[in-house]
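Novice: Okay, here's the prediction I keep looking at, along with the sequence it came from:
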Amino acid sequence: MRKFVFLFLFSSLSVVTFAQIRVATAANLVFPAQEIKTAFEKKYGEKVDIITASSGVLCTQIQQGAPFDIFLSADMDYPETLSKENLTVASPKAFTFGQLIVWTSAKTTPKELNNLLQNKSTKTIAIAQPELAPYGEEAMKYLKKNHLLNKIKSKLVYGESIGKVNQYIATGVVDVAFTSNSAMFAKELKNKGFWLKLPQEIGIPHGVVIIKNTPKMTVAQQFYQFLFSTEGQAILEKYGYTKVGQ
């Protein structure tokens with residue numbers, strides 16, 4: 001079944017022949033990635049196709065030969081795995097840092113959050129699948145560190161990616177959700193509930209790699225460099241991400 005799903009995805013991606021490069025993008029990066037795509041296309045006159053899913057799913061697809069040219073991951077581990085398997089041009093490099101945040105349907109404060117999670121009025125808590133999505137893994141770390149996991153385990157609702165978690169927020173089917181900082185800037189989620197930033201030192205490093213066998217190496221390198229440019233970094237910062245070196 002898994003093989004069939006992958007073949008379907010591969011086939012679907014293959015028909016997108018207009019794109020000069022295909023950028024496999026972690027779901028939490030979809031909003032800034034779309035704006036970066038527009039700016040890059042305007043500057044270079046090249047076409048970019050953004051494909052989003054959880055970092056784990058995208059990593060597996062690349063390992064199975066999906067026709068991607070660049071991989072933007074929500075962590076460093078997945079691109080590092082591909083690098084060790086000799087599937088990338090070079091070792092991964094962090095191009096930005098993200099933050100795990102919490103969305104709540106009821107107004108609360110950071111001090112009250114843990115009580116809210118355990119409260120009987122909180123029926124459902126959404127997180128991304130920790131085995132596939134780095135933000136889901138970070139959410140699990142937070143719950144374990146605060147000795148909450150066993151107390152609220154029955155309330156957890158899993159999304160295969162941050163994109164799915166954000167859909168849960170948009171449709172109002174959950175009471176609380178752990179998601180990425182960029183969700184706060186999504187038009188679809190504005191004026192919906194409340195946001196809380198969680199204490200983190202430097203945030204979650206997001207890695208980028210160029211896939212080794214890309215037939216569009218020149219354009220892929222241009223896009224890679226654009227991510228680190230003043231313009232590219234400004235777009236990421238606009239969506240709540242931290243600039244590299246900041």
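Specialist: Everything's here; your move.

Novice: And what about the residue nearest the centre of the chain, helix, strand or coil?
Specialist: The centroid of the chain falls nearest to N28 when counting by Cα atoms, centre = their mean (2.9 Å). Classification of N28 by DSSP: H, G, I helix; E, B strand; the rest coil places it in helix.

Novice: just checking, G240 touches T179?
Specialist: No - using Cβ atoms under 8 Å as the test, G240 is too far from T179 to be in contact (11.2 Å). The C-beta positions use only the backbone N, C-alpha and C, and glycine is treated the same way.

Novice: Give the buried residues for stretch 78-92.
Specialist: For stretch 78-92, the neighbour count (16 or more other Cβ atoms under 10 Å) marks Y78, P79, E80, T81, L82, S83, L87, T88, V89, P92 as buried.

Novice: I'd like those as TSV, with secondary structure and distance to K123 appended.
Specialist: Output for the buried residues of stretch 78-92, formatted as TSV (DSSP: H, G, I helix; E, B strand; the rest coil; distance: Cβ to Cβ, whole Å):
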residue	secondary structure	distance to K123
Y78	helix	32
P79	helix	37
E80	helix	38
T81	helix	36
L82	helix	39
S83	helix	42
L87	coil	42
T88	strand	43
V89	coil	47
P92	coil	39
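
Novice: who's more crowded, G240 and T179?
Specialist: Neighbours around G240 and T179, counted as other Cβ atoms under 10 Å, are more numerous at T179. The numbers are 29 against 20.

Novice: Following the helix or strand where that one lies in sequence, what is the next regular element?
Specialist: Here T179, judged by DSSP states H and E, is contained in strand 176-180. Going down the chain from strand 176-180, the next helix or strand is strand 194-197, by DSSP H and E.

Novice: what about the spatially closest residue to E231 that is not a sequence neighbour, neighbour count?
Specialist: Nearest non-adjacent residue to E231, counting by Cβ to Cβ, 6 or more residues apart in numbering: A39, 6.0 Å away. Other residues near A39 come to 16 when the count uses other Cβ under 10 Å.
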